[in-house]
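S.K.: give me a model of this one.
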Amino acid sequence: MIGSLPPDPVVQVNGFFKKKVTLVAPSSPLPLFARSDCAPPRGGMRDRCKEDEAGRRERRTPPRAPPRDRHEAARGSGTADHRCPPCRGAPASRARTLVHRYLPPPPMRGCIPALLLAGAAAAAPPKPHVVFFLADDYGWNDIGYHQNQASSANPQGKQTTNGVIPTPTLDSLAAEAVKLENYYTEFLCSPTRGTIMTGRYASHTGIGPDVIRSDMPYGMPKKEVFWPELMKANGYKTHMVGKWHLGARADVQLPINRGVDHFFGILTGAAGHTDYVTSAAYYRTDLWENDGPAFGRDGKYSCHQWTEETVRVINAHDAQTPLFGFVSHQCPHSPYTAPAGYEDYEIDYPARRVFAAMSTCVHESTVNITDALKAKGMWETTLMIWSSDNGGPQYWQGNNWPLRGGKSTDFEGGVRTAAFAAGGLLAAALRGQELHTVMHISDVYTTFCSLAGLTAAEIEDNVPGLPGVDGLDLGDILTAAPENTTRPQAELVLSSNAYLDGDYKFIVYPYTLVERQGWCNYEHNVTGCGYWQSPHWPTSADHRPSTFDLLECNDGCLFHVANDPSERHDLSRAEPARFAAMKARHAELVKTAYQTDGDFGYTQCVTVAEYAAAHGGFGGPPCTK
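M.R.: Numbering: from 1, shown residues only. Predicted coordinates for the structure are as follows:
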């Protein structure tokens, strides 16, 4: 049964082995980490646990001082105290107490944490705990329960892989969950994250078609009310770890100024997984905690870093206070570097082997975090949704077979992603089942806000002067399992180039960002990322499509994605009336798209290089206003 604990205290190590440990009674001080011994899950892997005997450093919180110009040190003596960036003042509209630390937090020790807390049942909070788990660039065929068995995209259960990425821990959790087999996202990182935070399509937030890059002077529009802002106003403690990627040009864009009580992660879209250094053009360390650089916390692999911080948060959380948790991994996104000891050398192609290792770390992270919730007695009052932010990058190491295309495209491989829902609040009738209700990542915002007790008016009309949010409340479907699980609204806008109407999909396929950069150019006059991969993909650095009979959709295509999830049969000629109607409707939907104001009007800025020089090589918002 979901949420039940075994009679004997156990700890799950790397998702594979269990060993008895001593659990601390609820009345005792809770340890930050429960140590256990680890053994590698498969032959050939090194021991992943290395003892760290360094003592814990004392945490100190300095007396609060009035907000000051954080570039003062750089302009004054020419030197800066790299231990402690000056506190920032929050905008008046989002006033909050800002706290920072002079010393880095104590080091975590040992393996990825698992069961850390006593298993005594916690008193139920007045509102449910909500957890959203986001993997980065995860392919449809990169998760175990889609491999070698029947699924909505592979109804005959054809062989899809020789177990290239076995995911036993995640599959075990998903067996207690409901697999969301028609779950859609945006096709790139920033557009998806903007939709998560606002409940609005990317065409409505103005984010996209490109991602938000470090040098771009914009981010999510100021007037948008973010998801954690609503949750915080409704009594939740809000925590986020991992990848932000919604802009960090100015203080107003920081997570703590968008409703997040505690943030630890990266502000950009990609950084080194251990040194957290961004691209050479903006060479600096991107590791941030709340209102300043996280000095001294680099050096640990990102997947482990975010997992340990999340478990620490759960450990310290008052279970009677509703928790909002957003775990936003960068794995298996580039740069492609594997955590030590995770590579499976049975995988011949080295790049795919690294991708698999990064994915394995995400699997373990998921199980360790859910185990911590169970041990704290919070799981039975939790609803968690696990999702990728878009399809796998088929032009690098991701595999979306049998779906067409991948990241950066509106074909199913780019926007139909692996996802499941779990937790004690999930309807018992759905556990271990597949749910074929069409869902969109914008629904996460509306569904979770509704579960938290916000009214429809509070959710829909959260920004005066703008139309209501696009996401639908599907909470009843997930928690009550009614007989009718059909999406209340048949139309679903995927982007300015594609939309769904029931089982039918209209798509116009122009070249996308990655294609303009030459990532999907192949011989035989094939150009574009909208190709089909093979069951075993990729197997070489060529990343060549399995077939060159590419079906062009430059003038639009019509697919019945329920019967043809691989989008191989264009019905535009067979059903010309429907095609014409959906094409016209798509044009109307694009006309009514709106964008909120994304101009932040920066007036007090330094260069990125000047900011890094004043903060010990760490990056951050170069503008204060």
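
S.K.: host element of residue 387?
M.R.: Assigned by DSSP states H and E, residue 387 falls within strand 382-388.

S.K.: mind saving the C-alpha coords of the helix or strand just after that strand as CSV?
M.R.: Moving toward the C-terminus from strand 382-388, the next helix or strand (DSSP H and E) is helix 412-415. The C-alpha trace of helix 412-415 is given here as CSV (Å, rounded to 0.1, in the frame of the first residue of the first chain):
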residue,chain,number,x,y,z
GLU,A,412,5.0,13.8,-30.1
GLY,A,413,8.6,13.0,-29.3
GLY,A,414,9.2,16.6,-28.3
VAL,A,415,6.1,17.4,-26.3
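
S.K.: what mean pLDDT does helix 412-415 get?
M.R.: For helix 412-415, mean pLDDT rounds to 94.

S.K.: list the buried residues in it.
M.R.: 412, 413, 414, 415 (16 or more other Cβ atoms under 10 Å). All C-beta atoms are positioned from the backbone trio N, CA, C, and that covers glycine.

S.K.: does the second one really touch residue 388, like I thought?
M.R.: No. At 11.4 Å, residue 413 and residue 388 do not qualify as touching, with contact defined as Cβ atoms under 8 Å.

S.K.: find residues that contact each of the two.
M.R.: Counting by Cβ atoms under 8 Å, 6 or more residues apart in numbering, the shared contacts of residue 413 and residue 388 are residue 139.

S.K.: give me the mean pLDDT for the longest helix seen in the chain.
M.R.: In the chain, taking DSSP state H as the definition, the longest helix is helix 350-375. The average pLDDT within helix 350-375 is 93.

S.K.: tell me the angle it makes with strand 382-388.
M.R.: Counting by axes from the mean of the first three to the mean of the last three Cα atoms, to 10 degrees, helix 350-375 lies at 170 degrees to strand 382-388.

S.K.: so which residues of the chain form helices?
M.R.: Under DSSP H, the chain gives helices at 72-75, 168-175, 189-198, 202-205, 227-233, 302-316, 350-375, 412-415, 442-451, 456-460, 475-480, 513-516, 576-591, 608-614.

S.K.: the second one: which residues count as buried?
M.R.: By that I understand helix 168-175. So, applying 16+ other Cβ under 10 Å, buried residues of helix 168-175: 169, 170, 172, 173, 174.

S.K.: the longest one now?
M.R.: By neighbour count, with 16+ other Cβ under 10 Å as the criterion, the buried positions of helix 350-375 are 351-375.

S.K.: could you do the last one as well?
M.R.: By neighbour count, and taking 16+ other Cβ under 10 Å as the criterion, the buried residues in helix 608-614 are 608, 611, 612, 614.

S.K.: how far does stretch 433-440 stretch from start to finish?
M.R.: 19 Å (Cα to Cα, to the nearest Å).

S.K.: contacts for that stretch next, please.
M.R.: Applying Cβ under 8 Å, 6+ apart, the contact partners of stretch 433-440 are 151-152, 178-185, 419, 421, 470-472, 474, 477, 485-487, 492, 500.

S.K.: now list the buried members of those.
M.R.: Buried among the contacts of stretch 433-440 by 16+ other Cβ under 10 Å: 151-152, 178-185, 419, 421, 470-472, 474, 477, 487, 492, 500.

S.K.: picking that back up, looking at the helices of the chain, which is closest to residue 342?
M.R.: For residue 342, the closest of those is helix 350-375, at 3.7 Å, according to Cβ to Cβ.

S.K.: what's that closest one packed up against?
M.R.: Where contact means 3 or more Cβ pairs under 8 Å, 6 or more residues apart in numbering; DSSP states H and E, helix 350-375 is packed against strand 11-13, strand 129-135, helix 168-175, helix 302-316, strand 382-388.

S.K.: again, only using 10 Å
M.R.: With contacts defined as 3 or more Cβ pairs under 10 Å, 6 or more residues apart in numbering; DSSP states H and E, helix 350-375 has these neighbours: strand 11-13, strand 129-135, helix 168-175, helix 302-316, strand 323-328, strand 382-388, strand 419-422.

S.K.: export those as a markdown table, with columns for distance to residue 268 and mean pLDDT.
M.R.: Listed next are the helices and strands packed on helix 350-375 as a markdown table, based on distance: least, Cβ to Cβ, whole Å; pLDDT from 0 to 100:
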| stretch | distance to residue 268 | mean pLDDT |
| --- | --- | --- |
| strand 11-13 | 32 | 32 |
| strand 129-135 | 16 | 96 |
| helix 168-175 | 27 | 80 |
| helix 302-316 | 12 | 97 |
| strand 323-328 | 12 | 97 |
| strand 382-388 | 19 | 96 |
| strand 419-422 | 25 | 96 |
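
S.K.: tabulate those (CSV), appending distance to residue 241.
M.R.: CSV is the format used below for the helices and strands packed on helix 350-375 (distance: least, Cβ to Cβ, whole Å):
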stretch, distance to residue 241
strand 11-13, 20
strand 129-135, 11
helix 168-175, 19
helix 302-316, 4
strand 323-328, 6
strand 382-388, 15
strand 419-422, 19
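
S.K.: which one of the ones you listed lies nearest to residue 509?
M.R.: strand 382-388 (21.1 Å).

S.K.: helix or strand with the lowest mean pLDDT in this structure?
M.R.: Taking mean pLDDT, DSSP states H and E as the measure, the chain has strand 17-19 as its least confident helix or strand, at a mean of 27.

S.K.: could you list the low-pLDDT ranges of the stretch 401-550 of the chain?
M.R.: By pLDDT under 70, the low-scoring segments of the stretch 401-550 of the chain are 510-528, 541-550.

S.K.: do the stretch 201-350 of the chain as well
M.R.: For the stretch 201-350 of the chain (pLDDT under 70), the answer is 213-218, 280-283.

S.K.: and residue 565, backbone torsions?
M.R.: Dihedral angles of residue 565 (phi, psi; degrees, to the nearest 10) stand at phi -60, psi -20.

S.K.: so what's residue 328 up against?
M.R.: Each residue near residue 328 by Cβ atoms under 10 Å, 6 or more residues apart in numbering is listed here: 132-136, 193, 196, 240-245, 265-266, 306, 389.

S.K.: quick one on the thing from earlier: any chance of CSV for the buried residues of helix 168-175, columns distance to residue 571?
M.R.: Below are the buried residues of helix 168-175 laid out as CSV (distance: Cβ to Cβ, whole Å):
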residue, distance to residue 571
169, 40
170, 35
172, 39
173, 38
174, 33
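
S.K.: and the two most separated of the residues you listed?
M.R.: 169 and 174 (9.7 Å).

S.K.: which neighbours do these two have in common?
M.R.: Joint contacts of residue 169 and residue 174 (Cβ under 10 Å, 6+ apart) are 144, 366.

S.K.: with respect to residue 250, which of the buried residues of helix 168-175 is nearest?
M.R.: The closest of these, once distances to residue 250 are taken by Cβ to Cβ, is residue 170, at 37.8 Å.

S.K.: quick check: closest non-adjacent residue to the closest one.
M.R.: Spatial nearest neighbour of residue 170, chain neighbours left out: residue 363 (4.1 Å); criterion: Cβ to Cβ, 6 or more residues apart in numbering.
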